[in-house]
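Q: I'd like to go over a predicted model; first the sequence, then the structure.
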Amino acid sequence: MGVMTSTARRHTTLATDLGDLLAVADGDALVGLYFPGHWHPPADGTIGAPVSPTGDPVFETTRSELAEYLRGDRTTFTVATATAGDAFSERVWDHLATIPYGTTTTYGTIARELGGPGLAQRVGQAVGRNPVSIVIPCHRVVGADGSLTGYAGGLERKARLLALEEPREVAESRLF
């Protein structure tokens with residue numbers, strides 16, 4: 001018998017050094033990755049049946065790629081993702097996926113790139129409701145002054161993710 005793959009919505013818990021993450025998949029795509037205490041958790045009844053993270057290709061890929069990323073051995077993710085937001089949120093989430101590893105941008109910059117500075121608050125709301133944390137890198141969005149503003153997984157985790165991605169020469173310059 002081959003490996004059975006599920007096409008139904010399902011969830012599992014992935015242990016990481018950032019906490020136990022709730023991972024949700026639908027078919028062949030990761031549709032949710034949530035921190036403990038997440039600001040905008042999935043709605044009740046939307047995460048499907050609990051499954052083991054082993055034996056499920058989506059969860060195995062997610063777990064492996066997260067571990068590599070958190071060790072500093074991976075800068076991009078290949079696990080397929082699918083989101084189901086409104087048209088504007090989808091544009092924001094697509095934009096987040098283009099922010100290079102080790103760089104940050106601001107809510108205002110994204111707003112200007114998507115149509116105008118007046119969209120900054122809507123951008124912030126969409127970033128905060130990103131359902132696929134880390135993989136879709138909402139942690140790379142900071143305040144206009146570079147401050148670590150809001151993060152659905154908590155500012156401590158946002159700071160850890162940004163420090164992980166910090167270029168070596170920048171990190172080393174802090175030593176002097």
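A: Noted; the coordinates are in hand. Numbers count the residues shown, from 1 in each chain.
Q: okay, now the domains of the chain?
A: Here the domain parsing of the chain from automatic domain parsing is 10-71, 87-173.
Q: Now tell me which of the ones you listed the model trusts least on average.
A: Lowest mean pLDDT within the domains of the chain: domain 87-173, at a mean of 90.
Q: Make a markdown table from the domains of the chain and add distance to Val79 to it.
A: To be clear about C-beta, it is placed using only N, CA and C from the backbone, and glycine gets the same treatment. Supplementary listing: the domains of the chain in a markdown table, determined by distance: least, C-beta to C-beta, whole Å:
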| stretch | distance to Val79 |
| --- | --- |
| domain 10-71 | 5 |
| domain 87-173 | 6 |
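Q: Please determine how far the most centrally placed residue in the chain is located from Gly32.
A: When C-alpha atoms, centre = their mean is applied to the chain, the residue found nearest the centroid is Ser133 (1.9 Å). Counting by C-beta to C-beta, to the nearest Å, the gap from Ser133 to Gly32 is 9 Å.
Q: just Glu60 next, same as before
A: 16 Å.
Q: Just want to know which of these two has more residues nearby.
A: Each of Glu60 and Gly32 has its neighbours counted (other C-beta atoms under 10 Å); Gly32 has more, 25 against 16.
Q: Now the more buried one. Its backbone dihedrals?
A: Dihedral angles of Gly32 (phi, psi; degrees, to the nearest 10) stand at phi -160, psi 140.
Q: who does it bridge with?
A: Counting by DSSP bridges, Gly32 forms beta bridges with Val24.
Q: Fine, thanks again, bye for now.
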